[in-house]
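**Student:** Provided below are the primary sequence and the corresponding predicted coordinates.
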Amino acid sequence: MNIHEYQTKELLRGYGVAVPDGRVTHNVDNAVAIAEDLGGERGVVKAQIHAGGRGKGGGVKVAESLDEVRQFTDEMIGMQLVTPQTGEEGRLVQRVLVEQACDIKKEYYLGLVIDRATQRITVIASASGGMNIEEVAKTDPDRVIREAVDPAIGLAGFQCRKIAAKIGLRGQQISEAAKLMQALYKCFREKDALLAEINPLAELGDGKLMALDAKMSFDSNAMYRRPTITELRDFDEEDSKEVEATGHGLNYIALDGNVGCIVNGAGLAMATMDSISFHGGKPANFLDVGGGASPEKVGNAFRIVLQDPNVKIILVNIFAGINRCDWIAEGLVQAMRDQDISVPIVVRLAGTNVEKGAPILEASGFPFIMADNLDDASTKVMASLEASA
Ligand code: GDP
Ligand code: MN
């Protein structure tokens, strides 16, 4: 689960991390009032969306006057902001963060991630911070410093000082950076984060360090015990199909292919996506209807999958253990009756009551394409896509 920059900064401020003064708003007059309140002519206007790279897309602007604060806010609110991370359709900007402008001398990068290979929270730091850290990691990996944290000990002071020295900080800055890293680590652990990133960590004109941009994302599976973080969830930033699916007890993840998938069980859903890819196709989604899928659940699954305009065909792959193939078949027929479904449906049924399921589909008169096994199903999906191309 992701949160906005202004929320992350608020959270980190509570842990003692130095962040610029600022407030969020969705209104132009307010933006000017905030800038005035902050006491300067200059101010930074920052679009709040759950995607990075905003600087490159025109979503971060330094205003030299209150008129410019007004102008930039007016331009940003309501725009579809396109950045290297949003895809070409961009993201609707509904709010901006208005902050005190800082005089930046140098930009560093500081992040915490969970390294799955070592199973440890790892500090990542670089002297080449700012807008191109992904580039630096690719072309100049030596400029990116990594330090794994022992979970029993936590992030040790000597580790922080070592990292700080390696990215070129000196004197007082080293203990300042160490304090900041420990605050970030504490927040990361206490809030069940998966990622925390400060980019840029700026060195200001007076030598002080400040988090000018901050991003955190959290483990959705731990949010039941983190109500203060759960509150920060912004449904507008999430795929509406995924939000709806959660409400119906379905696990749905939108992808960018054209083969809709309706499957029971996460493992089988993964195998189904693999099989489609193996046959040269591209899945439009991951969807696990779970065990004991009622006809209503199957109907909801169809409705959600078909909200994606890229879907050209649907593959239903059911291996019924707790489920029963006859229920699933009834759900399929019901969905065909209730919904205006014009794409072909390939169905593979196996397991409990399979001998009752297939006849229900046949008797319905709808043109289901029946498959004997998963490989056969993917082959039929590809043949059907080719025939209609
Ligand atoms: P991102 O592109 O989405 O990661 O947005 P950032 O918040 O990191 O902003 C991008 C860039 O804008 C930063 O690397 C800075 O160079 C610049 N920037 C951000 N805040 C300020 C500020 O207060 N003053 C100045 N002069 N530049 C800023
Ligand atoms: Mn940034």
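**Tutor:** Everything's here; your move. Ligands and ions are numbered 1, 2, ... in the order given.
**Student:** Under a three-state scheme, what state does E10 occupy?
**Tutor:** helix (DSSP: H, G, I helix; E, B strand; the rest coil).
**Student:** burial measure for it, as a count.
**Tutor:** With neighbours defined by other CB atoms under 10 Å, the count for E10 comes to 17. The way it works is simple: take the backbone N, C-alpha and C, and place the C-beta from them, glycine included.
**Student:** Equivalent analysis for A222, please.
**Tutor:** So A222, with other CB under 10 Å, has 15 neighbours.
**Student:** How about the contacts made by it?
**Tutor:** Contact analysis of A222 by CB atoms under 8 Å, 6 or more residues apart in numbering lists D192.
**Student:** what are the ranges of the helices in the chain?
**Tutor:** 5-14, 28-37, 54-57, 66-76, 133-139, 157-166, 172-190, 227-230, 240-247, 266-278, 295-306, 325-338, 354-364, 374-388 (DSSP state H).
**Student:** near ligand 2, which residues of the stretch 151-300 of the chain?
**Tutor:** N199, D213 (CB under 5 Å from the ion).
**Student:** Just give the nearest non-adjacent residue to the residue of the stretch 151-300 of the chain found nearest ligand 2, would you?
**Tutor:** Nearest residue of the stretch 151-300 of the chain to ligand 2: D213, at 3.5 Å (CB to the ion). Using CB to CB, 6 or more residues apart in numbering and skipping residues adjacent in sequence, the residue nearest D213 is N199, 5.6 Å away.
**Student:** what's the burial count for the one you found?
**Tutor:** Summarising burial for N199: neighbours were counted as other CB under 10 Å, giving 22.
**Student:** Return the per-residue confidence for it.
**Tutor:** Looking at N199, its pLDDT reads 96.
**Student:** Which residues are in contact with it?
**Tutor:** Contacts of N199 by CB under 8 Å, 6+ apart are E107, Y109, L110, G111, G129, G130, I133, D213, K215.
**Student:** Which residues are in contact with A335?
**Tutor:** So A335 contacts P295, V298, G299, F302, R303, I341 (CB under 8 Å, 6+ apart).
**Student:** no, scratch that, I was asking about Q307
**Tutor:** Here Q307 is in contact with S240, K241 (criterion: CB under 8 Å, 6+ apart).
**Student:** Distance-wise, check it relative to ligand 1.
**Tutor:** Applying CB to the nearest ligand atom, to the nearest Å, the value for Q307 to ligand 1 is 29 Å.
**Student:** Pick out the lowest-pLDDT one from the contacts of N199.
**Tutor:** Among the contacts of N199, I133 has the lowest pLDDT, at 84.
**Student:** Could you count how many residues lie near it?
**Tutor:** 22.
**Student:** Tell me the bridge partners for T25.
**Tutor:** V96 (DSSP bridges).
**Student:** Give the burial count for the residue in the stretch 151-300 of the chain that ligand 1 sits nearest to, as a bare number.
**Tutor:** Here the stretch 151-300 of the chain gets closest to ligand 1 at one residue, D213, 3.2 Å apart by CB to the nearest ligand atom. D213 is flanked by 24 other residues according to other CB under 10 Å.
**Student:** Check V24 too.
**Tutor:** 20.
**Student:** Give me the nearest residue to it, chain neighbours excluded.
**Tutor:** Y6 (4.3 Å).
**Student:** Wait, the one you found touches P20, no?
**Tutor:** No - with contacts counted by CB atoms under 8 Å, Y6 stays clear of P20, the gap being 10.7 Å.
**Student:** nearest to ligand 1, of the contacts of N199?
**Tutor:** D213 (3.2 Å).
**Student:** circling back: which of the contacts of A335 has the largest number of neighbours?
**Tutor:** For the contacts of A335, neighbours tallied by other CB under 10 Å; top is V298, 26 neighbours.
**Student:** what domains does the record give for the chain?
**Tutor:** For the chain, automatic domain parsing gives the domain ranges 1-20+103-237, 21-101, 239-388.
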